[in-house]
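A.B. asks: Below is the structure, and that's it, no one-letter string:
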């Protein structure tokens, strides 16, 4: 399980996706800034980071057969 410290410096009440802050993964010295919820999500769940036990998606299997 990953643990994060998230500092929010600015947000808009009328636009909840507009949020600015810094995220730090506990146990590391890495810090990343974000300017909206999409960026925050990409930091927490990057697409390139795959867990070893995950199943292949259906679209990946189809593409593999076409090659």
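C.D. replies: Thanks, I have it. For clarity, every value in this text was computed on a predicted model and none was experimentally measured.
A.B. asks: Quick check: residue 10 vs residue 27, distance?
C.D. replies: 27 Å (CB to CB, to the nearest Å). Where you see a C-beta, it was placed from the backbone N, CA and C, and this is true even at glycine.
A.B. asks: And for residue 16?
C.D. replies: 29 Å.
A.B. asks: can you check residue 42 too?
C.D. replies: Relative to residue 27, and taking CB to CB, residue 42 is found at 20 Å.
A.B. asks: Of those two, which one has the most company?
C.D. replies: Higher neighbour count among residue 42 and residue 27: residue 42, with 14 against 8, using other CB atoms under 10 Å.
A.B. asks: Give me the phi and psi angles of the more buried one.
C.D. replies: phi -70, psi -30 (degrees, to the nearest 10).
A.B. asks: can you pull the pLDDT of it?
C.D. replies: Looking at residue 42, its pLDDT stands at 93.
A.B. asks: Residue 23 too?
C.D. replies: 96.
A.B. asks: Run a quick neighbour tally on the nearest residue to it once chain neighbours are set aside.
C.D. replies: Once flanking residues are discounted, residue 23 sits nearest to residue 6: 5.0 Å by CB to CB, 6 or more residues apart in numbering. The local packing of residue 6 (other CB under 10 Å) involves 13 other residues.
A.B. asks: which outside residues touch the host helix or strand of residue 6?
C.D. replies: Using DSSP states H and E, residue 6 sits within strand 4-11. Identification of contacts with strand 4-11 by CB atoms under 8 Å, 6 or more residues apart in numbering yields 18, 19, 20, 21, 22, 23, 24, 25, 26, 40, 44.
A.B. asks: how much space between residue 6 and residue 34?
C.D. replies: 9 Å.
A.B. asks: joint contacts of these two?
C.D. replies: 21, 22, 23, 40.
A.B. asks: Who wins on neighbours among these?
C.D. replies: residue 40 (21 neighbours).
A.B. asks: In this structure, what residue spans correspond to helices?
C.D. replies: 37-44, 58-66 (DSSP state H).
A.B. asks: could you dump the shared contacts of residue 6 and residue 34 to JSON lines with distance to residue 2?
C.D. replies: Shown next, in JSON lines, are the shared contacts of residue 6 and residue 34 (distance: CB to CB, whole Å):
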{"residue": "21", "distance to residue 2": "17"}
{"residue": "22", "distance to residue 2": "16"}
{"residue": "23", "distance to residue 2": "11"}
{"residue": "40", "distance to residue 2": "14"}
